[in-house]
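Q: Sequence below, structure please.
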Amino acid sequence: MLDTRLVTWALGLFAAVTFIVCVIYGLVTPQSLHMHTFLEQVLPAFKWLTWWGFLLGLIESFLYGAYVGLVFCPIFNWLHRHLGVGRASG
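A: Alright, predicted model coming up:
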């Protein structure tokens, strides 16, 4: 069984850290290798290299990760209870 609160926070923070890594990557690589076009497509109202855009992208990334945790954990726990997946035989 998974702790929904723990997994939600972990995935939210993972997504936020990944967003920061993507922004840093975009700052240190040539423009032809940037991900800013992708980030602007998947994060509503995100604008590359503005403080507001960075803060909004960070919040949106965290919320996407948290959403995954909030949806995944109950599904996993339900399947674990009802299908007995992962139970020790014996």
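Q: And whichever helix in the chain runs longest, what does it pack against?
A: Within the chain, and with DSSP state H defining each element, the longest helix by residue count is helix 51-83. Under the contact definition 3 or more Cβ pairs under 8 Å, 6 or more residues apart in numbering; DSSP states H and E, helix 51-83 sits against helix 4-28. (Each C-beta comes from the backbone N, C-alpha and C, glycine too.)
Q: chain center to the helix it packs on, what's the gap?
A: Taking the mean C-alpha point of helix 4-28 and that of its whole chain, the gap between them comes to 6 Å (Cα atoms, centre = their mean, to the nearest Å).
Q: from here on, count from 630
A: From this message on, residue numbering opens at 630, which makes the last subject helix 633-657.
Q: Give me the contacts around the helix or strand just after it.
A: Scanning the chain past helix 633-657 towards its C-terminal end, the next helix or strand to appear is helix 665-671 (assignment: DSSP states H and E). Contacts to helix 665-671, defined as Cβ atoms under 8 Å, 6 or more residues apart in numbering, come from residues Phe648, Cys651, Val652, Gly655, Phe675, Lys676, Trp677, Leu678, Gly686.
Q: what about burial for those, which qualify?
A: Taking 16 or more other Cβ atoms under 10 Å as the criterion, what is buried in the contacts of helix 665-671 is Phe648, Cys651, Val652, Gly655, Phe675, Gly686.
Q: among those residues, which two are most distant?
A: Considering Cβ to Cβ, no two members of the buried ones among the contacts of helix 665-671 lie farther apart than Gly655 and Phe675, which are separated by 12.0 Å.
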